[in-house]
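Visitor: Predicted model and sequence below, questions to follow.
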Amino acid sequence: MSKQTLSFQAEVAQLLHLVTHSLYSNQEIFLRELISNASDACDKLRFEALDKPALYEDAPNLEVRVTFDKAAKTLTITDNGIGMSQQEAIDHLGTIAKSGTKDFMGKLSGDQKADAQLIGQFGVGFYSGFIVADKITVESRRAGLQADEGVRWISGGTGDFEVETITRAQRGTSIILHLRDDAEEYLNAWKLKQVIAKYSDHISLPILMEKEEWKDGELINPNDESGGRQPGGMVKTGEWETINKASALWTRPKKDITDEQYAEFYKTISHDHEAPLTWAHNRVEGNTEYTQLLYIPAKAPFDLWNRDKKAGVKLYVKRVFIMDDAEALMPTYLRFVKGVIDSADLPLNVSRELLQESRDVRSIREGSTKRVLSMLEDLAKHDKHDAAAGADGVTDVVDADDKAKEGKYTAFYAEFGAVLKEGLGEDFGNRERLAKLLRFASTTSDAVTVGFADYKARMKEGQEAIYYITADTLAAAKNSPQLEVFKKKGIEVLLMTDRVDEWALNYLHEFDGTPLQSVAKGAVDLGKLQDEAEKKAAEEAAEAFKPVLAKLKEALKDKAEDVRVTTRLVDSPACLVVQDDGMSTQLARMLKQAGQQAPETKPVLEVNAEHALVKKLDGSVHFNDLAHILFDQALLAEGGLPEDPAAYVKRVNALLA
């Protein structure tokens, strides 16, 4: 038998240092890598054996076996796949990123590539074994070679490795890890099963381990059973058991999966005790091939608003678990979505822990986003069913599946609607679809069920804008003095009370060609809804009130940018508005509450010239106090607080005395 010592490729020593010190953030990933490589070797044999069935020799059942020896401190991963010849071991184990698979794929063409879709293309996973081992021994024989043409490869992870010829009856490869002292936890069946269940449960071939059972220790005194025993322990029985499911739920046909199985799988991956609201299971083919199984939860998690928390779907590549929270595959505003994406191939960094941005990644993210939005659109479409008879007197028959969806979108929106609005500023490509999914309360409905399309369908003839108001609470929005003229004329106004509304609507200026107009910004222009007599009366009132306005501007010059006669108030004396392009006082308050800098902007005070309190101003000896009270009351009415509450109280008390 020949034996030789060879040097690694020049860069390998650097790579091994990187692997053992910083490449993998999670030590247990080495087992995922080695089992994945073993699975690849079996897939490769399966493919080559299509033309050469003799390569199966006398072992047609492909499998991976994991064994450990506590006394020798070794962990062994064995497969009966394609195996390696001596030259292949030198070439593939001594060179970075040359697992042999890329060369193999390069020889394929046409339909063969589709047949070989499960063959891995990762090159450096083998070296991850040095994370836990100070020496690795590889014993292998390529399928089709004689028993005496096996090879043993040994390295301590330094500058060189030994290769020798051995006799090996079984084809395939055994990787024997000589574990370091700090990795002895992997000499435990429970730990190994836990790691394999986490990372390799869905490998398509069986992963076997030897069964263990508890055995009591020997009697300390053989003649006295009451004298105690030596410590017992787990002992191997010689029987082998499959420890992975070997069948990924998402790879099975949808017709073979029950709703209960889908729900149970969701609970497994999400740690949620409730069933999901809905899900979608699809295989996407084209330039980028992947399978997606995406779930929308029924309830929001407690940390939904923590945007710094990692969130995303689970990523698999050819059924091998890569990461828990693949944030790159789902936009932040859909961070509540749970599920699995299994790609036929994705560009990963060498540790397979971080996705690299690429055309394939963008394609999967866009496809997954559209799928989630389609699920929500379907729920919204069937959220309510009008059971009234049609024009022909026949009542529609509701499909059972559609009936089951009734009310689900309302339930979803109550939990996740505010997060969905973030997409207006983050996902310009889907802004129109998102706008159709938004729901609000309005002056005709306290329930958050009014969409922009519903609003447009009810707009008055001659109405040229969709009117809305933002406020901290529904009560504050409903009772805002800025709504008075709209209520008087029966014009519906959307009531927006989520903290994100003000920010999100900066990115949405119209819906289906109709502009959105805040009733708290700019001058109210009701266009055709305001008759000529009203316009003329407003102009005359403004002209007659000019002297008082001038005095108000002077008294409030430190607080108000301008003072003008209003056209929006009916019962209230005054209200605050901002210019069309200005920041609302509500958004400014929110920024300050969050500890952020808000630009100093002064609001515009609009006064109702017909109100008794405003009429009192002219000639009053308390003009200055009344002016400040008007301003502070307008601020209070919209949920703000006077800069000096004590001064406000003092002024009111003086007038009441």
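Guide: The structure has been received and is ready for your questions. Numbering: from 1, shown residues only.

Visitor: Report the spatially nearest residue to A380, omitting neighbours in sequence.
Guide: With sequence-adjacent residues excluded and distances taken as CB to CB, 6 or more residues apart in numbering, A380 is closest to Y409, at 4.5 Å. All C-beta spots, glycine's among them, are computed from the backbone N, C-alpha and C.

Visitor: Where does the one you found sit, in terms of helix or strand?
Guide: Counting by DSSP states H and E, the element that carries Y409 is helix 408-420.

Visitor: Next: G228.
Guide: Assigned by DSSP H and E, G228 belongs to strand 224-229.

Visitor: W305 now?
Guide: Assigning secondary structure by DSSP H and E places W305 outside every helix and strand.

Visitor: Chain neighbours aside, what residue packs nearest to it?
Guide: Excluding the flanking residues, the one nearest W305 by CB to CB, 6+ apart is V419, at 7.9 Å.

Visitor: thinking again about what came up before, same for the helix holding Y409, what does it pack against?
Guide: Secondary-structure packing of helix 408-420 (3 or more CB pairs under 8 Å, 6 or more residues apart in numbering; DSSP states H and E): helix 359-381, strand 445-450.

Visitor: count of neighbours near the nearest residue to E33 once chain neighbours are set aside?
Guide: Using CB to CB, 6+ apart and skipping residues adjacent in sequence, the residue nearest E33 is G125, 3.5 Å away. When neighbours are defined as other CB atoms under 10 Å, G125 has 23 of them.

Visitor: how close does G125 get to S174?
Guide: According to CB to CB, to the nearest Å, G125 stands 16 Å off from S174.

Visitor: what mean pLDDT does the helix or strand hosting R433 have?
Guide: Following DSSP H and E, one finds R433 within helix 431-437. Averaged across helix 431-437, pLDDT comes to 95.

Visitor: which residues sit against the very next helix or strand once past it?
Guide: Next helix or strand after helix 431-437 toward the C-terminus (DSSP H and E): strand 440-442. Residues outside strand 440-442 that contact it (CB atoms under 8 Å, 6 or more residues apart in numbering): 447-448, 450-451, 455, 468, 474, 477, 492-497.

Visitor: Closest one of those residues to L145?
Guide: Nearest to L145 among the contacts of strand 440-442: G451, at 68.8 Å, using CB to CB.

Visitor: can I assume the closest one is in contact with L434?
Guide: No. The criterion here is CB atoms under 8 Å, and G451 misses it with L434 at 11.5 Å.

Visitor: just to revisit the earlier point, and R65, which of the helices and strands packed on helix 408-420 is closest to it?
Guide: Closest to R65 of these, according to CB to CB: helix 359-381, at 33.8 Å.

Visitor: how about that closest one: buried residues?
Guide: Buried residues in helix 359-381, counting neighbours by 16 or more other CB atoms under 10 Å, are found at 360-361, 364-369, 371-373, 375-376, 378-380.

Visitor: Kindly report the same for stretch 456-468.
Guide: By neighbour count with 16+ other CB under 10 Å, stretch 456-468 contains the buried residues 463, 465-468.

Visitor: quick revisit: the residue nearest to W305 is in contact with R335, isn't it?
Guide: Yes. Between V419 and R335 a contact is recorded at 7.1 Å, counting by CB under 8 Å.

Visitor: and the two? which has more neighbours close in?
Guide: Counted by other CB under 10 Å, V419 and R335 do not tie: R335 has more neighbours, with 23 against 19.

Visitor: Chain neighbours aside, what residue packs nearest to that one?
Guide: In space, and not counting its chain neighbours, R335 is closest to A311: 3.8 Å by CB to CB, 6+ apart.

Visitor: Just to check, that neighbour is in contact with A328?
Guide: No. Judged on CB under 8 Å, A311 makes no contact with A328 at a distance of 11.7 Å.

Visitor: before we move on, back to that, okay, angle between the helix holding Y409 and helix 359-381 too, please.
Guide: Using axes from the mean of the first three to the mean of the last three CA atoms, to 10 degrees, one finds that helix 408-420 and helix 359-381 are set 140 degrees apart in direction.

Visitor: Helix 408-420: what's the following helix or strand?
Guide: Using DSSP H and E, the helix or strand that follows helix 408-420 towards the C-terminus is helix 423-426.

Visitor: on that earlier part again, gap between the residue nearest to W305 and S270?
Guide: The value you get for V419 to S270, if CB to CB is used, is 16 Å.

Visitor: go on, T67?
Guide: Remark: distance between T67 and S270 (CB to CB) = 34 Å.

Visitor: can you check G238 too?
Guide: Per CB to CB, G238 is found 39 Å from S270.

Visitor: Show me which of these two is the more surrounded one.
Guide: Counted by other CB under 10 Å, G238 and S270 do not tie: S270 has more neighbours, with 16 against 7.

Visitor: what's the closest non-adjacent residue to the more buried one?
Guide: Sequence neighbours aside, K338 is the residue nearest to S270 in space, at 4.5 Å (criterion: CB to CB, 6+ apart).

Visitor: how many neighbours does that neighbour have?
Guide: 24.

Visitor: quick one: buried residues of stretch 609-629?
Guide: For stretch 609-629, the neighbour count (16+ other CB under 10 Å) marks 609, 611, 614, 617, 623, 625-629 as buried.

Visitor: Which members of those are positioned in helices?
Guide: Taking DSSP state H as the definition of helices, these contribute 614, 623, 625-629.

Visitor: Which residue is the nearest non-sequential neighbour of S85?
Guide: Of all residues not flanking S85 in the chain, R142 sits nearest, at 4.6 Å (CB to CB, 6+ apart).

Visitor: ok, now which ones touch that neighbour?
Guide: 82-85, 88, 149, 171.

Visitor: same question, M375
Guide: M375 sits next to 278-280, 294, 296 when contact means CB under 8 Å, 6+ apart.

Visitor: Going by distance to T137, which of these wins?
Guide: Each of the contacts of M375 was scored against T137 by CB to CB, and L294 proved nearest at 43.4 Å.

Visitor: Surely the closest one is within a strand?
Guide: Yes. Counting by DSSP: H, G, I helix; E, B strand; the rest coil, L294 falls inside a strand.

Visitor: That one pairs with what?
Guide: In this entry, L294 is beta-bridged to A280, G339, by DSSP bridges.

Visitor: from what I can see it touches T369, true?
Guide: No. In this structure, L294 is not within contact of T369 by CB under 8 Å, at 10.2 Å.

Visitor: still on that earlier bit, and the residue nearest to S270, what pLDDT?
Guide: We have a pLDDT of 94 for K338.

Visitor: mind checking how far it is from V500?
Guide: 22 Å.

Visitor: Then G238?
Guide: As for G238, its distance to V500 is 62 Å (criterion: CB to CB).

Visitor: Please apply the same query to E184.
Guide: 51 Å.

Visitor: Between the two, which is the more surrounded one?
Guide: Applying other CB under 10 Å to E184 and V500 shows that V500 carries more neighbours, namely 19 against 15.

Visitor: Please tell me how far that one sits from R439.
Guide: V500 is 14 Å from R439, where distance means CB to CB.

Visitor: what's the answer for A541, then?
Guide: Applying CB to CB, the value for A541 to R439 is 39 Å.

Visitor: And for A248?
Guide: Counting by CB to CB, the gap from A248 to R439 is 36 Å.

Visitor: which residues in the stretch 101-250 of the chain form strands?
Guide: All strands of the stretch 101-250 of the chain, identified by DSSP state E, counting those that start in this stretch, fall at 133-141, 150-155, 160-166, 172-179, 207-215, 219-221, 224-229, 233-242.

Visitor: Can I get those strands in a markdown table including mean pLDDT and distance to E28?
Guide: Formatted as a markdown table, the strands of the stretch 101-250 of the chain follow (pLDDT from 0 to 100; distance: least, CB to CB, whole Å):
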| stretch | mean pLDDT | distance to E28 |
| --- | --- | --- |
| strand 133-141 | 95 | 13 |
| strand 150-155 | 94 | 22 |
| strand 160-166 | 91 | 25 |
| strand 172-179 | 97 | 13 |
| strand 207-215 | 89 | 15 |
| strand 219-221 | 70 | 38 |
| strand 224-229 | 69 | 34 |
| strand 233-242 | 84 | 20 |
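
Visitor: Okay then, goodbye and thanks.
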